[in-house]
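**Student:** dropping the sequence and predicted coords here.
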Amino acid sequence: MNLDFTPQEEQFRQEVRAWLQDNAPREHRPGDGEAMRDFDIAWQRRQYEGGWAGIAWPEEYGGRGLSTIEQLIWYQEYARAGAPYIGVNFVGVLHGGPTLIANGSEEQKKAHLLRILKGEEVWCQGFSEPGSGSDLASLRTRAEIDGDHLVVNGQKIWTSFAQWADYQELLVRTDPDAPKHKGISWVICDMRAPGVRVRPIRTIAGHHEYCEVFYDDVRIPLANVVGGLNNGWRVAMSTLGFERGTGFMNEQVRLATDVEALIALVKSRPALMRDTDITRRLSRLRAETAALQAMTYAGISLNERRGAPGAEASILRLYHGLLTQRLGRLSMEVLGTANLELSDPEAGWTGPYLYSFSRTIGGGTAEIQRNIIAERVLGLPRSR
């Protein structure tokens, strides 16, 4: 693997840097509510109109058709510019859309992909259920075939931005008699369909990012099944591969920027600089972040050869989550409770610290990631 960027890639970097300098929002991103949704959609639209949405997506679906390396360069410059979190567009742009590209029909791709890139469709994820969070295959939300529709009944939980979403990537059980990994289907659910009910959940940061979603005789056309009926487990593994791998590439890159910001803060306070425990932990975080960057590069190299993330994406997801939590804890120790900003959790270091607790839960818990690494990367026997 060659870790050097080509002259063409460096030229691409300069183009990205110049565009972000002129276009990245300088105003504060709202932390909740319709103002947040409107901000995120407007920023996604601006990226599309500037030609910077879907850099690695195929051109026929509105993207640039470039490599994952150019996508990495975009994320590096995005973090450098301090551009805002992708917000409500996360699911659609970073793993819902890529799942459709890899598994969807042409009709499904034409109906949704361009609208996702333009910010005209917000997507959410309907995977986790009460009592079936870590064991995804034990999901109980059921879908019965009625003519040319599925009729869905059940419940999902921890669905990010469901109250603002237009569509959902939804896992349902379509064959209750099949082994639990076999009778599942991945479907596109219209969040405005009759029978869909959303209840937001207030987080410790004071926001309502996560939701419960209830389905009461929700009718979904069979044409919305992605990858074939009862083939949803394979499609879901594709989705989770994108979520754990390239979906968090932006945050993996941004983590290095956050570590350097905390180091700069400590350097500005002589008393903290004399604390050898703090400086030692910061040095370790910087080294570990550099290791994460090297792992990200290795993952991109594999993606370029295979076209999609593999099981090693769990290594990146787990390591990134643990590092994010360590950075959050250290930032609170450095700043002290007097510096907690609870009136606006998006301000300063408070929001990232509170949100870091979810980093070893979302996309599969740390325990699930370790099992995947052990079994699929290291070839160890399955745990019993």
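**Tutor:** Nice, I can see it. Residues are numbered from 1 along each chain as shown.
**Student:** show me where the stretch 251-384 of the chain has its helices.
**Tutor:** With DSSP state H, counting those that start in this stretch as the criterion, the stretch 251-384 of the chain has helices at 270-273, 276-306, 313-335, 350-356, 366-372.
**Student:** now stretch 70-82: buried residues?
**Tutor:** 70-81 (16 or more other C-beta atoms under 10 Å). From N, CA and C alone the C-beta is placed, and that goes for glycine too.
**Student:** how's this structure carved up into domains?
**Tutor:** For the chain, automatic domain parsing gives the domain ranges 7-85, 124-230, 245-377.
**Student:** out of those, the one nearest residue 96 is which?
**Tutor:** domain 124-230 (5.0 Å; C-beta to C-beta).
**Student:** how long is stretch 117-136 from one end to the other?
**Tutor:** 28 Å (C-alpha to C-alpha, to the nearest Å).
**Student:** give me the low-pLDDT residue ranges for this structure?
**Tutor:** Within the chain, the ranges that satisfy pLDDT under 70 run 1-3, 133-134, 241-249, 303-310, 337-347, 363, 383-384.
**Student:** give me the helices and strands touching the biggest strand by length in it, please.
**Tutor:** Of all the segments of type strand in the chain, defined by DSSP state E, the longest one is strand 210-221. Applying 3 or more C-beta pairs under 8 Å, 6 or more residues apart in numbering; DSSP states H and E, we find strand 210-221 packed against strand 149-156, strand 184-190, strand 196-201.
**Student:** buried set for the last one?
**Tutor:** This means strand 196-201. In strand 196-201, counting by 16+ other C-beta under 10 Å, buried: 196, 198, 200.
**Student:** got it, and stretch 354-361?
**Tutor:** Buried-residue list, stretch 354-361, by 16+ other C-beta under 10 Å: 354-356, 358-360.
**Student:** can you show me the CA trace of that stretch as CSV?
**Tutor:** Listed next in CSV are the C-alpha coordinates belonging to stretch 354-361 (Å, rounded to 0.1, in the frame of the first residue of the first chain):
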residue,chain,number,x,y,z
LEU,A,354,-21.9,13.3,26.6
TYR,A,355,-22.3,11.9,23.1
SER,A,356,-19.2,9.7,23.4
PHE,A,357,-21.0,7.2,25.6
SER,A,358,-23.0,6.1,22.5
ARG,A,359,-19.8,5.4,20.5
THR,A,360,-19.5,1.8,21.8
ILE,A,361,-23.2,1.1,21.3
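**Student:** ok so, going back, tabulate the buried residues of strand 196-201 (a markdown table), appending distance to residue 148.
**Tutor:** As requested, the buried residues of strand 196-201 are exported to a markdown table (distance: C-beta to C-beta, whole Å):
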| residue | distance to residue 148 |
| --- | --- |
| 196 | 19 |
| 198 | 26 |
| 200 | 33 |
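**Student:** can I get the helices of the stretch 251-384 of the chain in JSON lines including distance to residue 41?
**Tutor:** Below are the helices of the stretch 251-384 of the chain laid out as JSON lines (distance: least, C-beta to C-beta, whole Å):
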{"stretch": "helix 270-273", "distance to residue 41": "40"}
{"stretch": "helix 276-306", "distance to residue 41": "28"}
{"stretch": "helix 313-335", "distance to residue 41": "26"}
{"stretch": "helix 350-356", "distance to residue 41": "21"}
{"stretch": "helix 366-372", "distance to residue 41": "31"}
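**Student:** relative to residue 45, which of those is closest?
**Tutor:** helix 350-356 (24.7 Å).
**Student:** so what does the closest one touch, helix or strand wise?
**Tutor:** For helix 350-356, the packing partners by 3+ C-beta pairs under 8 Å, 6+ apart are helix 313-335.
**Student:** identify each buried residue in the helix it packs on, please.
**Tutor:** By neighbour count on 16+ other C-beta under 10 Å, the buried set for helix 313-335 is 313-328, 330-332, 334-335.
**Student:** and if you look at stretch 101-117?
**Tutor:** 101-104, 108-109, 111-117.
**Student:** need these in CSV with distance to residue 272 and secondary structure, can you?
**Tutor:** Shown next, in CSV, are the buried residues of stretch 101-117 (distance: C-beta to C-beta, whole Å; DSSP: H, G, I helix; E, B strand; the rest coil):
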residue, distance to residue 272, secondary structure
101, 47, helix
102, 47, helix
103, 50, helix
104, 52, coil
108, 53, helix
109, 52, helix
111, 54, helix
112, 49, helix
113, 48, helix
114, 50, helix
115, 48, helix
116, 44, helix
117, 44, helix
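**Student:** ok, so of those residues, who is nearest residue 53?
**Tutor:** Among the buried residues of stretch 101-117, residue 117 lies closest to residue 53 (C-beta to C-beta), at 4.4 Å.
**Student:** can you map out the strands along the stretch 51-200 of the chain?
**Tutor:** 123-126, 142-146, 149-156, 167-173, 184-190, 196-201 (DSSP state E, counting those that start in this stretch).
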